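Student: Quick one, what's the 3D model for this:
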Amino acid sequence: MPWSYTDQPEAIHTRLIRVVVRSIAHAGPAWIVVGASLALSLLGIYAIDVAERVPQASALVNVTASGRLIGPTALRQAIYLLVGIVTCVIVALPHYRTLGPWTWALYGAGLALLVFLIVPGVPSFLVRPRGGARAWIDLGPLNLQPSELVKVGTVLVLAWYLRYRKNHRTFKGLLPPAILTGVPVGLIMLQPDLGTAILFIPALFFVLIAAGAKLKHLVLVVALATMAAPAAYPLLKPHQKARIVGLVQQIRGDNSEDLDINMQSVTAQRLIGAGGIVGVGDEHARALQRFNALPERHNDMVFSPVVTRFGLIGGLLLLLLFALWGIGAFLTAATSPEPFGRLICVGAVGFLFAQVVVNVGMNLGLLPIIGITLPFVSHGGSSMIAQWAMVGLVLSVGLRRQGYELQRSFEWSDRGDDL
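Tutor: Residues are numbered from 1 along each chain as shown. I've put the predicted structure just below:
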């Protein structure tokens, strides 16, 4: 068949499609992370709508849902999701190694924002305390929470610092990564936001273990911290002490504070129990949210509306999505050609794991309520953007994978290592 000019654009277009499809397929297990993130985000939008868009009823026996398609809070969350997906694409397109030289600048910019929050004299229209904490910068349509962005910066700077080092195999060598993590932790605690600060510690341990730190050194650090913990109790704020005391009362079966400091925890557990095994209908779930005034049900306590609506099975499926997220990120780390990419993926899992455990523990009454959101599910623009930025980093690593490693990510010889 003779060649014609019209055949050339079609051939170029076909080749372009093949390149794009091949690149997408090459990401492999990173797509598990993307799929789990999208499923969690969509579930979160629905759960927020159930929690916030309560039915309008003239009587308890006449409960009918509002005719609006989606409530304002859920609509904002949907917009945040779109911004998060765009952020993911922007982060994933360039090679993740191009971020290497910029990690210190990103980390420093995050610390500068944390310092800005606590500097005296900052105008109240920019930084207004909420819940006793100076943790947000008011930018009009978005309340920026720098601590969420600092999570991404901390993962990057730890991964970049540890990628080719060996000194963290010694006990004193753990000090530099501990300082890198401790600086943002200290600034966040000054807000004060103890809950968010705690999340950095498990993430640090995840990265150190993946980088080859000795378990005996990490166990010793945990033991020392555990022994020192009681000494830190007098330094806590009164409301933080009250939360701990309230948890102890619940464990002992003392319900004297159920209408006071333990009201939020008890209400969340009551709503979780109302879901039973398979949950209740949409209108019933909305009615339960209306007549059980659970504070922060669209935010810190969003796990409760999820289980009310979908029951124990729904709660377990939610946790399964988080497990798939972690598995996808770990598999992506295993296929990364070099340590920087592996440590990025592991650090992202560390933050996700810590946040999920603390949030679910708060809702079940197993941990004190310390203001930790559920990733992708809870309402919040900064959190959604930061989480999808993490997804973008994992996807960027996945797009440059080389196949599964036949040996451990980091191989060290113990000969010559210090204690």
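Student: quick one: the helices in this protein?
Tutor: In order along the chain, the chain carries the following helices (DSSP state H): 7-26, 30-52, 72-92, 103-118, 146-162, 175-189, 194-210, 215-232, 238-252, 263-274, 282-291, 303-334, 339-363, 381-399.
Student: Mind putting the ones you listed into JSON lines with mean neighbour count and mean pLDDT?
Tutor: For glycine as for every other residue, the C-beta is placed from the backbone atoms N, C-alpha and C. Output for those, formatted as JSON lines (neighbours: other C-beta atoms under 10 Å; pLDDT from 0 to 100):
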{"stretch": "helix 7-26", "mean neighbour count": "10", "mean pLDDT": "54"}
{"stretch": "helix 30-52", "mean neighbour count": "22", "mean pLDDT": "94"}
{"stretch": "helix 72-92", "mean neighbour count": "18", "mean pLDDT": "94"}
{"stretch": "helix 103-118", "mean neighbour count": "17", "mean pLDDT": "93"}
{"stretch": "helix 146-162", "mean neighbour count": "25", "mean pLDDT": "93"}
{"stretch": "helix 175-189", "mean neighbour count": "17", "mean pLDDT": "92"}
{"stretch": "helix 194-210", "mean neighbour count": "22", "mean pLDDT": "91"}
{"stretch": "helix 215-232", "mean neighbour count": "11", "mean pLDDT": "78"}
{"stretch": "helix 238-252", "mean neighbour count": "15", "mean pLDDT": "75"}
{"stretch": "helix 263-274", "mean neighbour count": "19", "mean pLDDT": "89"}
{"stretch": "helix 282-291", "mean neighbour count": "18", "mean pLDDT": "87"}
{"stretch": "helix 303-334", "mean neighbour count": "21", "mean pLDDT": "95"}
{"stretch": "helix 339-363", "mean neighbour count": "24", "mean pLDDT": "94"}
{"stretch": "helix 381-399", "mean neighbour count": "25", "mean pLDDT": "94"}
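Student: can the ones you listed go into CSV with extra columns for distance to His168?
Tutor: Formatted as CSV, the helices of the chain follow (distance: least, C-beta to C-beta, whole Å):
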stretch, distance to His168
helix 7-26, 32
helix 30-52, 26
helix 72-92, 27
helix 103-118, 17
helix 146-162, 6
helix 175-189, 6
helix 194-210, 6
helix 215-232, 9
helix 238-252, 32
helix 263-274, 39
helix 282-291, 47
helix 303-334, 18
helix 339-363, 11
helix 381-399, 21
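Student: out of these, nearest to Ser124?
Tutor: helix 103-118 (12.5 Å; C-beta to C-beta).
Student: what's that closest one packed up against?
Tutor: Packing partners of helix 103-118 (3 or more C-beta pairs under 8 Å, 6 or more residues apart in numbering; DSSP states H and E): strand 137-138, helix 146-162, helix 175-189.
Student: give me every residue that touches Leu99.
Tutor: Neighbour list for Leu99: 106, 156 [criterion: C-beta atoms under 8 Å, 6 or more residues apart in numbering].
Student: Can you read off the pLDDT for it?
Tutor: Confidence at Leu99, expressed as pLDDT, is 89.
Student: still on that earlier bit, out of the helices of the chain, which comes closest to Pro129?
Tutor: helix 103-118 (9.9 Å).
Student: and the closest one with helix 339-363, angle?
Tutor: Helix 103-118 runs at 30 degrees relative to helix 339-363, counting by axes from the mean of the first three to the mean of the last three C-alpha atoms, to 10 degrees.
Student: Contacts for helix 103-118 next, please.
Tutor: Helix 103-118 has contacts (C-beta under 8 Å, 6+ apart) with 99, 122, 127, 134-137, 144, 146-147, 149-150, 152-154, 156-157, 159-160, 180, 183-184, 187-188, 190-191.
Student: before we move on, back to that, want to throw the helices and strands packed on helix 103-118 into a markdown table with distance to Ala348?
Tutor: Compiled in a markdown table, these are given as follows (distance: least, C-beta to C-beta, whole Å):
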| stretch | distance to Ala348 |
| --- | --- |
| strand 137-138 | 24 |
| helix 146-162 | 6 |
| helix 175-189 | 15 |
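Student: so which of the ones you listed gets nearest Asn359?
Tutor: That would be helix 146-162 among those, by C-beta to C-beta, at 14.2 Å.
Student: Could you export the closest one as CSV, CA atoms only?
Tutor: The C-alpha trace of helix 146-162 is given here as CSV (Å, rounded to 0.1, in the frame of the first residue of the first chain):
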residue,chain,number,x,y,z
PRO,A,146,2.5,23.1,57.8
SER,A,147,3.0,20.0,60.0
GLU,A,148,1.3,17.9,57.3
LEU,A,149,3.7,19.2,54.6
VAL,A,150,6.7,18.7,57.0
LYS,A,151,5.9,15.0,57.0
VAL,A,152,6.8,14.8,53.3
GLY,A,153,9.9,16.9,53.8
THR,A,154,11.1,14.8,56.7
VAL,A,155,10.7,11.6,54.7
LEU,A,156,12.7,13.0,51.9
VAL,A,157,15.5,14.4,54.0
LEU,A,158,15.9,11.2,56.0
ALA,A,159,15.9,9.1,52.8
TRP,A,160,18.5,11.4,51.2
TYR,A,161,20.7,11.5,54.3
LEU,A,162,20.7,7.7,54.9
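Student: Kind regards, and thank you for your time.
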